[in-house]
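# I would like the atomic coordinates for the input below:
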Amino acid sequence: MPFYGYNRSGAKVSQGVIDSFWQQGMLGGILALHDCVHEFSEVDYTEDLKKIDVPTLILHGDDDQIVPIDDAGKLSAKIVKDATLKIYPGGPHGMCTTMADQVNADLLAFLNRK
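Sure, this is the predicted structure:
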């Protein structure tokens with residue numbers, strides 16, 4: 001529920017999204033799922049981020065309960081050269097699903113900038 005912000009008061013919950021998320025989790029191997037959690041919670045990618053040398057769009061919701069914005073989005077934007085940080089007010093971790101129209105519009109605008 002926190003992945004999509006569905007635990008927040010007034011959230012518009014989609015049972016289809018919940019079912020799809022569960023199904024995706026069930027399709028993964030247990031070792032791969034365990035390793036994934038390790039990678040995003042215990043590995044420091046600072047040196048990798050420093051190597052990025054192309055314009056980069058970083059998208060992050062300010063209500064991400066899975067990966068806090070201060071520890072990821074804001075910090076990454078400081079480390080990556082020529083990064084643009086776009087913060088989504090109220091955006092959860094799963095904002096690419098719950099805010100798909102806005103995310104897609106921002107991605108297209110970034111790709112089409114001159």
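# mind listing the strands for the protein?
56-61, 83-88 (DSSP state E).
# what's the closest of those strands to residue 110?
strand 56-61 (4.4 Å; CB to CB). Any C-beta I mention is one placed from the backbone N, CA and C, and that applies to glycine too.
# tell me the average confidence for that closest one?
Over the span of strand 56-61, the pLDDT mean works out to 98.
# got it, and stretch 101-111?
Per-residue pLDDT over stretch 101-111 has a mean of 97.
# do stretch 3-12 as well
Looking at stretch 3-12 alone, the average pLDDT works out to 95.
# wait, what's in contact with the residue positioned nearest the centre of the chain?
Averaging the C-alpha coordinates of the chain gives a centre point, and the residue nearest to it by CA atoms, centre = their mean is residue 93 (5.0 Å). For residue 93, the contacting residues are 2-5, 61, 64-67, taking CB atoms under 8 Å, 6 or more residues apart in numbering as the criterion.
# What's the local residue count around the residue lying closest to it once chain neighbours are set aside?
Once its chain neighbours are removed from consideration, residue 93 has its nearest residue in residue 66; the separation is 3.9 Å (CB to CB, 6 or more residues apart in numbering). Neighbours of residue 66 under the rule other CB atoms under 10 Å: 14.
# Kindly report the same for the one 5 residues further on.
A total of 10 residues lie near residue 71 under the criterion other CB under 10 Å.
# now do residue 111
Neighbours around residue 111, by other CB under 10 Å: 9.
# Now for it: which residues touch it?
Applying CB under 8 Å, 6+ apart as the definition, residue 111 turns out to have no contact partners.
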